[in-house]
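Undergrad: need coordinates for the below:
(chains A, B and C)
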Amino acid sequence: MGMYSGAAILHADLDAFYASVEQLLDPSLRGRPIAVGGSAAGGVVLAASYEAKRFGVSGGMPGRRARELCPRITFVRGHFDRYQQLADGVMAILRDVTPVIERISIDEAFLDVSGSVHLFGPPDVIADQLRRRVRREIGLPISIGVARTKHLAKVASQVAKPDGLVLVAPEREREFLDPLPVALIWGIGPVAQARLRSEGIHTIGQLAATSPASVRRLLGEAAGGKLSALALNEDPRRVTGATRARSVGAQSAMGRQPATPDTVRAVLGHLADRVAVRLRAKHRAGRTVTVRVRYPGMRSVTRSLTLGEPVAATLTLTEIAEQLAWQALHEESQRRPGEQVQISLLAVSVSNLVARHAVQQELAVPPGDPRREGSEAGAARLAVDTSMDAVRARFGRGAVGYLPAMSRGGVPDDFRELAEKEV
DNA sequence: TCTGGGGTCCTAGGACCC
DNA sequence: TCTGGGGTCCTAGGACCC
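TA: The predicted model follows:
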């Protein structure tokens, strides 16, 4: 544990989170290759244990492929309710050493411990003790990167995995970054990687040696500029608190189905309801409604509409979503005359969000104002929704709704909730 | 035989305004 | 009558992240 001065950022990241929880809950799974979600028959793997990762299995992979790579793999159903609970427990431990903490997903957070060193010791000592506490009190492995900036800390935690701690001393930053593959930089995905590779750029050191102007030409103005700066180890970002969500959405994969009016209406109604309920719960509403339609083969299109006034009423959102979806589906049917249009996914999202008190101001238009009629209808719909929200809060989600209960494929609602951001 | 669900940010063209 | 520059908003698509 070395002496260390200046800004001290930690990036803490639970290892193979869902899979580690399953191994914690069921000791017979420990030390074995497992996948959460998916099956040999289909579905996607949500997370793989390190024993499975060694075979090349990873999250997002079809179950069938996972079985091919690792014949002995065990597929387990997720205990989604426990994930949130355990991750919250971990975050509470992290919060014990500093209030300057930025949770960036269910299982990952940045901490600025610059102000904590006089209380708890050097940053790497703090990190070490956090890892021990998480292991002892929660039972899960967690990796932590310690460095002067967010970017360095994040890269360090990736290098530390699994179940490790990596400190990047300020005088060793260049030496640390240079040999690492560009893919470790936050924001470099498969496309950017391929473009860089075509220029012979594989390592962060090589990227840093490339002129920012060339990188911008290669990867785009904004992305190129940012990635260049990160490679050059210039990262001015501070650890901030939680930021408000800028959009709220829901989607449903449907395999492959004919786009019949009944199917489209039922699915969009359900998605619009999920979105609208979440908006109302946070007293927010949005002016832009976007619908995405995906066709077999992963090709997808979006149609969006920006309204003069924000919406949060389920029925209004459903109507707009239907209109947008049919706009897209109609274009698709003209592309392929005489064929039944098939779809594989529908999504509804609301953006351009405002706080709801702004909506209520909009509703307070004087009598005779042409906007009044629409607003009154909107107010009535919101009132119905508010009653429905209250009934559901007391008796459960299935108690009331606009639409008959429908089958929703295999994705449990508690998994959906895990992925939700704080609105 | 194409793979879930939740997000963020950027780009580019067009409309419109000054 | 023709031309220039700058800014904002909207729409559609796409890369990327967990």
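
Undergrad: quick one: pLDDT of A:Leu130?
TA: On pLDDT, A:Leu130 comes in at 98.

Undergrad: element containing it?
TA: With secondary structure defined by DSSP states H and E, A:Leu130 is part of helix A:123-133.

Undergrad: packing partners of that helix?
TA: strand A:9-14, helix A:80-95, helix A:117-120, strand A:142-147, strand A:165-167 (3 or more C-beta pairs under 8 Å, 6 or more residues apart in numbering; DSSP states H and E). For glycine as for every other residue, the C-beta is placed from the backbone atoms N, C-alpha and C.

Undergrad: reformat those as a markdown table; add mean neighbour count, mean pLDDT and distance to A:Val311.
TA: A markdown table is the format used below for the helices and strands packed on helix A:123-133 (neighbours: other C-beta atoms under 10 Å; pLDDT from 0 to 100; distance: least, C-beta to C-beta, whole Å):
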| stretch | mean neighbour count | mean pLDDT | distance to A:Val311 |
| --- | --- | --- | --- |
| strand A:9-14 | 26 | 98 | 37 |
| helix A:80-95 | 17 | 95 | 29 |
| helix A:117-120 | 12 | 96 | 48 |
| strand A:142-147 | 27 | 98 | 41 |
| strand A:165-167 | 21 | 98 | 47 |
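
Undergrad: how about the ones you listed, which one is nearest DNA strand C?
TA: Among those, strand A:9-14 comes nearest to DNA strand C, with 7.9 Å by C-beta to the nearest atom of the strand.

Undergrad: stretch A:84-99 and DNA strand C, are they touching?
TA: No - taking C-beta under 7 Å from any atom of the strand as the criterion, stretch A:84-99 and DNA strand C are apart, separated by no less than 10.0 Å.

Undergrad: can you show me the strands along chain A?
TA: Using DSSP state E, the strands of chain A run over residues A:9-14, A:34-36, A:47-48, A:74-76, A:101-105, A:108-112, A:142-147, A:165-167, A:247-258, A:284-294, A:300-311, A:342-355.

Undergrad: DNA strand B: which of these is closest?
TA: With C-beta to the nearest atom of the strand, the closest approach to DNA strand B among the strands of chain A belongs to strand A:247-258: 3.1 Å.

Undergrad: how many neighbours does A:Gly200 have?
TA: Using other C-beta atoms under 10 Å, A:Gly200 has 8 other residues around it.

Undergrad: which intervals of chain A have sub-threshold pLDDT?
TA: Applying pLDDT under 70 to chain A flags residues A:1-6, A:357-375, A:402-412, A:421-423.

Undergrad: run a quick neighbour tally on the nearest residue in space to A:Gln158 that is not next to it in sequence.
TA: Counting by C-beta to C-beta, 6 or more residues apart in numbering, A:Gln158 lies nearest to A:Leu184, which is 5.7 Å off, once chain neighbours are set aside. When neighbours are defined as other C-beta under 10 Å, A:Leu184 has 16 of them.
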